[in-house]
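>>> pasting the sequence and the predicted coordinates here, then a few questions.
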Amino acid sequence: MKNSEIQRIALSTYFFLSGLCFASWASRIPTIKLFFKLNDAQLGSILIVMPLAALVGTFASGWLVSKFNTKGPLLVSFVFFAFALIGISLVRTTFLLIWMLALFSIAMRVLNIAMNAQSIALQGQFEKKIIGALHGVWSFGGVVGVLFSTLMVKNTVSIQNHFIIISVITLIGSMLAYKFSL
């Protein structure tokens, strides 16, 4: 197998894990809403932190990628992404929930920019376009995340155990893919 194909598999792993984590989080919003006894307006007010934090992540990712390239920030952001997901499930106050959502969103922005920068660099090694396929892998990760979340909810698995399982998968997968990244 060519080195470029191995790098594509590694990058596909990152895209898949990103979709898996995001869908796992999003599918458990009703659980979080119920736990914190939030009405729709309160939930919306809390969720606004995500796009605001993503702006911070955009600036941070630009600096990180220019200073450290994409490989290091990609792995570190996945570690923070996974731990923030666990944190979201463990917090007991809305104040801490907001901080965990901000960390989750910042990490997601950094990993998205690092993944996409790698996909652009890797594209040069292929004749056919691969970026659309990589984004398709993200969507497939999202579908798997929703299906797995449905299974977790159906079997009354706690959000903590659910997010720990997803985070462990993410940490292992991202560390394995790191070795083969650009």
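Cool, got the structure.

>>> which residue of this structure sits farthest from its center?
In the chain, the residue that sits farthest from the middle, by C-alpha atoms, centre = their mean, is E127; the gap is 28.5 Å.

>>> which strand or helix spans it?
Using DSSP states H and E, E127 sits in no helix or strand.

>>> check what pLDDT it gets.
If you check E127, the pLDDT there is 87.

>>> out of the helices and strands in this structure, which is least certain?
The weakest-scoring helix or strand in the chain, judged by mean pLDDT, DSSP states H and E, is helix 49-68 (a mean of 88).

>>> so what does that helix touch, helix or strand wise?
For helix 49-68, the packing partners by 3 or more C-beta pairs under 8 Å, 6 or more residues apart in numbering; DSSP states H and E come out as helix 71-90, helix 94-123. From N, CA and C alone the C-beta is placed, and that goes for glycine too.

>>> could you dump these into TSV with mean neighbour count added?
Shown next, in TSV, are the helices and strands packed on helix 49-68 (neighbours: other C-beta atoms under 10 Å):
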stretch	mean neighbour count
helix 71-90	21
helix 94-123	20
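
>>> and A60, which of these is closest to it?
Taking C-beta to C-beta, helix 94-123 is the member of the helices and strands packed on helix 49-68 nearest to A60, at 6.0 Å.

>>> quick one: average pLDDT of the closest one?
94.

>>> following it, which helix or strand shows up next?
The helix or strand immediately downstream of helix 94-123 is helix 131-154, counting by DSSP H and E.

>>> can you give me the buried ones in that next one?
Across helix 131-154, burial judged by 16 or more other C-beta atoms under 10 Å covers L134, V137, W138, G141, G142, G145, V146, F148, S149, M152.

>>> give me the contacts around the helix or strand just after that helix.
Sequence order places helix 159-178 as the next helix or strand after helix 131-154, per DSSP H and E. Contact partners of helix 159-178, identified using C-beta atoms under 8 Å, 6 or more residues apart in numbering, comprise 9-11, 13-14, 16-17, 20-21, 24-25, 28, 31-32, 35, 71, 74-75, 78-79, 81-83, 85-86, 88-90, 145, 148-149, 152.

>>> report the mean confidence score over helix 159-178.
Average pLDDT, helix 159-178: 97.

>>> now stretch 138-149
Across stretch 138-149, the per-residue pLDDT values average to 97.

>>> distance between that stretch and the chain's centre?
In terms of C-alpha atoms, centre = their mean, to the nearest Å, the centre of stretch 138-149 is found 12 Å from the chain centre.

>>> going forward, count from 486.
In the new numbering, first residue 486, that becomes stretch 623-634.

>>> what sits up against that stretch?
By C-beta under 8 Å, 6+ apart, the list of residues contacting stretch 623-634 reads 500-509, 512-513, 647, 651.
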